[in-house]
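Peer 1: quick one, fold the following:
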Amino acid sequence: MTQRTAPAIKTEGLVDQEHLREALVIMREALPAGITRQQLADRIGKAGVSLRTVDRLVTLLEAQGARIDRKRSGQPALLHFMLRKGPEWDENVSTEARLALRLATLSLAQSGTLLWQDKLEMLEGLASQHMSSRDRRLFDNLKKALRVQGGVDDPIEAQDILEPILRALEGHRAVEAEYQAAGAALATSLKVVPYALTHDLFSGGTFLLVWDPARRLPLHLRLSRIARITVATRIGTCPEEVMERAAQYQIGGWTSGEPPFQVEALIRGAHWTQAFREAPPALPAFQADPEEGGAAVRVRFLANHELGATRWLLQFGAAAQVLGPERLRNAVGAQLRAAAAQYPDS
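Peer 2: The predicted model follows:
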């Protein structure tokens with residue numbers, strides 16, 4: 001990895017640049033208790049610095065965007081400096097930022113594909129180089145307590161497909177993809193125009209939304225089923241309005257380019273009323289209105305494919321009553337009757 005040059009710091013001729021960096025690192029490592037003025041003076045440089053120099057360093061750090069709290073503690077009560085925020089030139093990656101990156105890695109690996117995990121782990125390695133020793137120890141402890149479950153492992157056999165997809169999206173290029181649809185014995189060649197990469201949390205997995213000019217319709221291709229992809233030299237075009245609808249209103253990987261329809265259902269159970277209030281699902285235009293004294297909730301959302309809406313509603317079993325549209329109500333009723341028929345003796 002290329003060695004990065006540390007950014008130049010404006011010291012206005014008052015203090016040594018390296019002393020300013022040292023003071024920042026020492027105060028960060030001293031958290032949460034902080035460090036006294038004398039302790040800071042003793043630890044800067046090979047032979048320490050004067051208390052006046054410490055005052056100049058602290059003042060300059062604050063002038064450059066650092067936030068440093070002051071508190072008296074101990075016996076006798078001594079003034080302690082506690083770094084809360086680094087200056088504008090600070091390259092340190094905080095524990096919170098590193099934790100957010102780790103959560104993103106875990107979440108995308110569960111909801112999307114292991115391919116994203118590989119890419120994000122490279123970023124994690126880069127971020128680790130810019131953490132203080134204290135932050136790294138704290139993060140390692142936090143990492144052990146993190147658990148993300150409920151998604152899928154969606155392995156990508158062809159590890160070289162992401163880069164050509166991104167090149168095609170950047171240059172608005174058409175592609176030729178070898179794709180094996182679910183249940184198909186062999187892969188087929190598709191000449192399509194990529195529009196967006198989508199992650200679906202309901203079905204789990206990462207999809208490539210494309211326009212198929214031969215059939216004049218949008219397709220959702222699961223990344224794990226793409227064996228090979230080649231970027232064409234020609235510019236690819238697609239109907240923007242149709243593709244945006246397909247991206248915005250997909251549910252569970254099911255999508256179409258048709259205008260969306262409104263789904264309405266009554267879901268009974270006080271716990272669902274509370275759950276939708278605390279953590280509403282990320283469905284298009286989702287609304288939840290309590291009814292029956294809080295014992296049920298009326299939900300509304302938009303969808304453009306019947307199977308996507310059906311998949312979400314069926315998870316509630318007998319607790320959900322579909323109110324509309326009529327074709328969706330009939331489809332869900334038929335599936336529930338078919339399911340019940342498998343248990344004639346229960």
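Peer 1: just the CA atoms of the longest strand belonging to the chain, as PDB, please.
Peer 2: Longest strand of the chain, by residue count under DSSP state E: strand 188-199. C-alpha atoms of strand 188-199 as PDB (Å, rounded to 0.1, in the frame of the first residue of the first chain):
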ATOM      1  CA  THR A 188     -29.000 -18.200 -21.500                       C
ATOM      2  CA  SER A 189     -27.400 -15.100 -23.100                       C
ATOM      3  CA  LEU A 190     -29.200 -11.800 -22.400                       C
ATOM      4  CA  LYS A 191     -28.400  -8.500 -24.200                       C
ATOM      5  CA  VAL A 192     -29.600  -5.900 -21.700                       C
ATOM      6  CA  VAL A 193     -29.000  -2.400 -20.400                       C
ATOM      7  CA  PRO A 194     -28.200  -2.200 -16.700                       C
ATOM      8  CA  TYR A 195     -30.100   0.400 -14.700                       C
ATOM      9  CA  ALA A 196     -29.500  -0.100 -11.000                       C
ATOM     10  CA  LEU A 197     -28.200  -2.500  -8.300                       C
ATOM     11  CA  THR A 198     -30.900  -3.200  -5.800                       C
ATOM     12  CA  HIS A 199     -30.800  -4.900  -2.300                       C
END
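Peer 1: and that strand, what's buried?
Peer 2: Within strand 188-199, the residues scored as buried using 16 or more other Cβ atoms under 10 Å are 190, 192-198. (C-beta placed from N, C-alpha, C; glycine too.)
Peer 1: quick one: average pLDDT of it?
Peer 2: Average pLDDT, strand 188-199: 92.
Peer 1: could I get whichever helix or strand comes after that strand in PDB with only the CA atoms?
Peer 2: Scanning forward in sequence from strand 188-199 by DSSP states H and E, the next helix or strand is strand 206-212. Output in PDB follows, covering the C-alpha atoms of strand 206-212 (Å, rounded to 0.1, in the frame of the first residue of the first chain):
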ATOM      1  CA  THR A 206     -28.600  -8.400  -4.500                       C
ATOM      2  CA  PHE A 207     -30.200  -7.900  -7.900                       C
ATOM      3  CA  LEU A 208     -29.300  -6.100 -11.100                       C
ATOM      4  CA  LEU A 209     -32.200  -4.200 -12.600                       C
ATOM      5  CA  VAL A 210     -31.900  -4.200 -16.400                       C
ATOM      6  CA  TRP A 211     -33.900  -3.200 -19.400                       C
ATOM      7  CA  ASP A 212     -34.500  -5.900 -22.000                       C
END
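Peer 1: list of residues touching strand 206-212?
Peer 2: Applying Cβ atoms under 8 Å, 6 or more residues apart in numbering, the contact partners of strand 206-212 are 112-113, 115-116, 154, 165, 175, 177, 190, 192-200, 217-224, 226, 236, 238-239, 242-243, 246-247, 250, 253, 255.
Peer 1: buried set for whichever helix or strand residue 275 is part of?
Peer 2: Using DSSP H and E, residue 275 sits in helix 270-278. Buried residues in helix 270-278, counted by 16+ other Cβ under 10 Å: 272-273, 276.
Peer 1: what of stretch 63-78?
Peer 2: 64, 66, 68.
Peer 1: using JSON lines, lay out those residues together with distance to residue 24.
Peer 2: Shown next, in JSON lines, are these (distance: Cβ to Cβ, whole Å):
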{"residue": "64", "distance to residue 24": "10"}
{"residue": "66", "distance to residue 24": "7"}
{"residue": "68", "distance to residue 24": "10"}
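Peer 1: out of those residues, which are inside strands?
Peer 2: If you go by DSSP E, those have residue 68 in strands.
Peer 1: nearest to residue 181 among the buried residues of stretch 63-78?
Peer 2: For the buried residues of stretch 63-78, the minimum distance to residue 181 (Cβ to Cβ) is 56.6 Å, reached by residue 66.
Peer 1: now do the SS call for the residue lying farthest from the centre of the chain.
Peer 2: Computed with Cα atoms, centre = their mean, the residue of the chain farthest from its C-alpha average is residue 76, at 48.2 Å. Recorded secondary structure, residue 76: coil (DSSP: H, G, I helix; E, B strand; the rest coil).
Peer 1: about what we covered before: make CSV out of the buried residues of stretch 63-78 and add pLDDT and distance to residue 82.
Peer 2: Output for those, formatted as CSV (pLDDT from 0 to 100; distance: Cβ to Cβ, whole Å):
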residue, pLDDT, distance to residue 82
64, 91, 17
66, 90, 11
68, 94, 7
